[in-house]
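**Student:** pasting a predicted model and its sequence here:
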Amino acid sequence: MNSTVAASGQIGPPESRPVTIDMRLLEKSLRRPRSAFSFVMSVLVALMTISALVPLFSVLLMLLLRGGKRLSLSVLTQLPPTAFEHGGGFGNAIVGTLLMVGIAALISIPFGILAAVFLAEVAPESRLAKVIRMCAKLLTGFPSILAGVFAYGAVVLITGGFSATAGGIALSILMLPTVMLTAEEAIRMVPNKVREAAIGMGTTQVQTVWMVLLPAAFPGILTGIMLAVARAAGETAPLLFTALFSNYWFGSGGNMSLRQPTASLAVLIYNFSAMPFKNQVELAWAAALVLVLIVLTVNLVGQGLSRSTTND
Amino acid sequence: MAGIGLESTAVGETVTRAPTPMEKFGNSAFRLACYLFAWLTVILVLYIVYTIARQAAPAIDKYGWGFVSGTKWDPNTRQFGVLPEIWGTLYSSLLAVTIGTLFGVAVAVFLSEHFLATLVFSLLKVFGLQFHFLWGKLPDQLEHLLRNLVELLAAIPSVVYGLWGIYFVIPFIRPLCHWLLIKLGWIPIFSTTLSGPGMLPAGIVLSIMILPTIAAISLNSLSAVPPKLRQAAYGLGATRWEAILAVILPTASKGIFGAVILAFGRALGETMALAMLIGNSNVISWSLFSPGNTLAALLANNFAEAGPSEIPVLMFAALILLAITLLVNVVGAFILESASAGREGAGQ
């Protein structure tokens, strides 16, 4: 070591004495504290990464074991049981979840896409666009329970009752930023050549957007919609006091109005998880399995879509 | 298409034409609709704040600052205070952010340094398969899979994590907590028994839920560190971890800090898992094992059955939660913005 330092520190004509370097010093050896520290840290980080994934597998395993035990066709088609009743299911909750996510999608998709077209095409650099992006980002971090509080204040208190509409509106607020920001990104990703070719052919802006940009950006937009739907389907907090819960089928007794309390899988899991009855807890696990299957399927399809488009 | 166009076009005739009045009208209408929905986004955010504030107004008039400093929540005597909830919200979120940052940054470093790919590559090398047309793809594929698995952690609904927490985390950590209480009970954070729900299980589950946020954003800022810096560090003779700890992490620190703040914002507003795991009792305690309550859990538990007199009070609590989360989110977004702006400046 000393010899190399002396050699490199020297200024002037090269010395005739040959420089000797102990080659063993340049080899990587775990005996040296610096290399050993590096190795230990690498192992530590690998272990921490593995342990970060343990919860995922633990959740999935518990769901398969405890929920799979109870899962059957009758569980998917029957109504929730009362306190001491055996059997039962959560068919109405599945219908309710689909219904409210559907309402939320009907509101948030057109809203989100039109706002995204504004952000990406109509006035991308305007001050309004900057404010809107800021608002959308704030909505991304908006606590889901506050969407419920808002829907309670804006819909439930005014219409005078818990309803599927209120639940759908609460969910749509949570879906909106995801749909909007991913759609904006997807429209921006369309190559400028395509845009210019369309304009060069004399299309109006609506024709460019509608016939060229939106079809080209469709896979990306769909990914955003899928991710938003997956998130909305799993949300509980916004539904607790907007749609409440119902032990009956939606539309039972010929009441097809959206202004009635509606069941959902997420709220069913919450309600049943705290009950002292074994039957209800088992149903909560089965419902959780169904919910996670729905959410993960939609999520994976969405991710797959985005991968197939980015790879092209 | 081109062939058909050529055939049907006579000499002197063009395929292009000016937009018809109808098309012009459609264009204007479409632009108008875009402006309308763009404005609606802004109006929506303002309307949300307005609705909650208007409903909370009677309670703000009546209780004022005493609401924030009060410790009792009793609808019968009409005494309302949310100090225990604010304490619980901050305590559980800080706990979750501490655990989540540790593991989230570890995951981000693991992925950004391609530890897995390197390991698999050297394993394949042993068998001489590292450039095989199928096996050779394995390192990248495994890394991609790992990244997706971390993202899947965020896809599992909060209520399912709550259920898992009740039936897995609490029974799992209870013996350990009991042991800590007996051996180290004199330290305030271990000073009570874990009777079931409590801060620690809530914090653990919450940290799992925010981990993907921290990991994803940290990974972005770690990958954005210019390769020059890393090469310079290696050139000076740094080991891999000396380069990571002294050069790469400090360079990416602003982005990681932004990620932590955003994750903190998520943790503050997270509701269901906490409502199921924290115990919902109005206690202010340093102990990790004591039950507590959070603002979001308070809303989740009380709103559905609240009478007309309790609604404004709950709206007031919601307004406080809104103010805290908005503040944290704006700060986080601002830090991330300035981090990426600084990076763009450095890259030029």
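**Tutor:** In hand now; what should we look at?
**Student:** for residue 91, give me the pLDDT.
**Tutor:** In the absence of a named chain, chain A is used. Per-residue confidence (pLDDT) for A:Gly91: 92.
**Student:** sorry, should have said chain B
**Tutor:** 95.
**Student:** repeat for B:Ile4
**Tutor:** Value listed for B:Ile4 in the pLDDT field: 46.
**Student:** cool, the one 3 residues further on as well?
**Tutor:** The confidence metric pLDDT takes the value 50 at B:Glu7.
**Student:** OK, contacts around whatever residue of the stretch 51-200 of chain A ends up closest to chain B?
**Tutor:** Per Cβ to the nearest Cβ, A:Pro143 is where the stretch 51-200 of chain A lies closest to chain B, at 2.4 Å. Every C-beta, even on glycine, is put in place using the N, C-alpha and C of the backbone. The contact partners of A:Pro143, taken as Cβ atoms under 8 Å, 6 or more residues apart in numbering or on different chains, are A:237, B:268-271, B:296, B:321-322, B:325.
**Student:** repeat that for A:Ala263.
**Tutor:** By Cβ under 8 Å, 6+ apart, A:Ala263 lies in contact with A:80, A:90, A:92-93, A:95-96, A:243, A:245-247, A:250.
**Student:** low pLDDT regions in the stretch 1-150 of chain B?
**Tutor:** B:1-16 (pLDDT under 70).
**Student:** what segments of it are helices?
**Tutor:** B:2-8, B:21-63, B:66-69, B:83-112, B:115-126, B:138-155 (DSSP state H, counting those that start in this stretch).
**Student:** please apply the same query to the stretch 51-200 of chain A.
**Tutor:** Using DSSP H, counting those that start in this stretch, helices in the stretch 51-200 of chain A cover A:68, A:73-77, A:91-117, A:127-140, A:144-151, A:157-159, A:164-189, A:192-200.
**Student:** what would the helices of the stretch 1-150 of chain B look like in CSV with mean neighbour count?
**Tutor:** Listed next are the helices of the stretch 1-150 of chain B as CSV, based on neighbours: other Cβ atoms under 10 Å in any protein chain shown:
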stretch, mean neighbour count
helix B:2-8, 8
helix B:21-63, 16
helix B:66-69, 14
helix B:83-112, 23
helix B:115-126, 15
helix B:138-155, 16
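**Student:** so of the contacts of A:Pro143, which ones are in strands?
**Tutor:** Within those, no residue falls in strands by DSSP state E.
**Student:** just the buried subset of those residues, please.
**Tutor:** With burial judged by 16 or more other Cβ atoms under 10 Å in any protein chain shown, the buried subset of the contacts of A:Pro143 is A:237, B:268-271, B:296, B:321-322, B:325.
**Student:** of those, which is the nearest to B:Leu336?
**Tutor:** Among the buried ones among the contacts of A:Pro143, B:Thr325 lies closest to B:Leu336 (Cβ to Cβ), at 16.1 Å.
**Student:** against A:Leu305, how distant is the closest one?
**Tutor:** Look at B:Thr325 and A:Leu305: by Cβ to Cβ, to the nearest Å, they are 31 Å apart.
**Student:** now swap in B:Ala333 and tell me
**Tutor:** In terms of Cβ to Cβ, B:Ala333 sits 27 Å off from A:Leu305.
**Student:** which residues of the stretch 151-300 of chain B fall in strands?
**Tutor:** Counting by DSSP state E, counting those that start in this stretch, the stretch 151-300 of chain B forms no strands at all.
**Student:** residues of it that sit close to chain A?
**Tutor:** Residues of the stretch 151-300 of chain B lying close to chain A (Cβ under 8 Å from any Cβ of the partner chain) are B:151-153, B:155-164, B:166-168, B:208, B:211, B:215, B:239-242, B:244, B:262, B:265-266, B:268-272, B:275-276, B:296, B:299-300.
**Student:** go again using 7 Å as the cut-off
**Tutor:** B:152-153, B:155-160, B:162-164, B:166, B:168, B:208, B:211, B:239-242, B:262, B:265-266, B:269, B:271-272, B:276, B:296, B:299-300 (Cβ under 7 Å from any Cβ of the partner chain).
**Student:** mind checking which of the buried ones among the contacts of A:Pro143 land in helices?
**Tutor:** Counted as lying in helices by DSSP state H, out of the buried ones among the contacts of A:Pro143, are A:237, B:268-269, B:296, B:321-322, B:325.
**Student:** redo those as JSON lines? Include distance to A:Ser108 and pLDDT.
**Tutor:** Formatted as JSON lines, these follow (distance: Cβ to Cβ, whole Å; pLDDT from 0 to 100):
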{"residue": "A:Ala237", "distance to A:Ser108": "17", "pLDDT": "93"}
{"residue": "B:Leu268", "distance to A:Ser108": "24", "pLDDT": "94"}
{"residue": "B:Gly269", "distance to A:Ser108": "19", "pLDDT": "91"}
{"residue": "B:Ala296", "distance to A:Ser108": "22", "pLDDT": "94"}
{"residue": "B:Leu321", "distance to A:Ser108": "23", "pLDDT": "95"}
{"residue": "B:Leu322", "distance to A:Ser108": "20", "pLDDT": "95"}
{"residue": "B:Thr325", "distance to A:Ser108": "21", "pLDDT": "94"}
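**Student:** relative to B:Gly26, which of those is nearest.
**Tutor:** Distance to B:Gly26 across these (Cβ to Cβ) is lowest for B:Leu322, with 40.1 Å.
**Student:** mind checking which of the helices of the stretch 1-150 of chain B is nearest A:Val45?
**Tutor:** Ranking the helices of the stretch 1-150 of chain B by proximity to A:Val45 (Cβ to Cβ) places helix B:83-112 first, at 4.8 Å.
**Student:** wondering if the closest one reaches chain A at all.
**Tutor:** Yes - judged by Cβ under 7 Å from any Cβ, helix B:83-112 comes into contact with chain A at B:103, B:106-107, B:109-110.
**Student:** what stretches of chain A score poorly on pLDDT?
**Tutor:** Within chain A, the set of residues satisfying pLDDT under 70 comprises A:1-16, A:307-312.
**Student:** just the CA atoms of stretch B:69-82, as PDB, please.
**Tutor:** Extracted in PDB, the C-alpha atoms of stretch B:69-82 (Å, rounded to 0.1, in the frame of the first residue of the first chain):
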ATOM      1  CA  SER B  69     -58.000  20.000  23.000                       C
ATOM      2  CA  GLY B  70     -60.900  18.100  24.600                       C
ATOM      3  CA  THR B  71     -60.400  14.500  25.500                       C
ATOM      4  CA  LYS B  72     -63.900  13.200  26.100                       C
ATOM      5  CA  TRP B  73     -66.400  11.900  23.500                       C
ATOM      6  CA  ASP B  74     -69.700  11.500  25.000                       C
ATOM      7  CA  PRO B  75     -72.900  12.100  23.000                       C
ATOM      8  CA  ASN B  76     -75.100  11.700  26.100                       C
ATOM      9  CA  THR B  77     -73.500  14.700  28.000                       C
ATOM     10  CA  ARG B  78     -72.800  16.400  24.600                       C
ATOM     11  CA  GLN B  79     -69.100  16.600  25.500                       C
ATOM     12  CA  PHE B  80     -67.000  16.300  22.400                       C
ATOM     13  CA  GLY B  81     -63.200  16.500  22.000                       C
ATOM     14  CA  VAL B  82     -60.800  14.800  19.500                       C
END
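**Student:** got the contact list for that stretch?
**Tutor:** Outside stretch B:69-82, the residues that touch it by Cβ atoms under 7 Å, 6 or more residues apart in numbering or on different chains are B:63, B:66-68, B:83-84, B:282, B:284, B:295, B:310, B:313, B:317, B:320.
**Student:** now the residues you listed in JSON lines, with distance to A:Ser42?
**Tutor:** Below are the contacts of stretch B:69-82 laid out as JSON lines (distance: Cβ to Cβ, whole Å):
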{"residue": "B:Tyr63", "distance to A:Ser42": "55"}
{"residue": "B:Gly66", "distance to A:Ser42": "54"}
{"residue": "B:Phe67", "distance to A:Ser42": "51"}
{"residue": "B:Val68", "distance to A:Ser42": "47"}
{"residue": "B:Leu83", "distance to A:Ser42": "45"}
{"residue": "B:Pro84", "distance to A:Ser42": "43"}
{"residue": "B:Asn282", "distance to A:Ser42": "46"}
{"residue": "B:Ile284", "distance to A:Ser42": "42"}
{"residue": "B:Leu295", "distance to A:Ser42": "41"}
{"residue": "B:Glu310", "distance to A:Ser42": "55"}
{"residue": "B:Val313", "distance to A:Ser42": "53"}
{"residue": "B:Ala317", "distance to A:Ser42": "46"}
{"residue": "B:Ile320", "distance to A:Ser42": "44"}
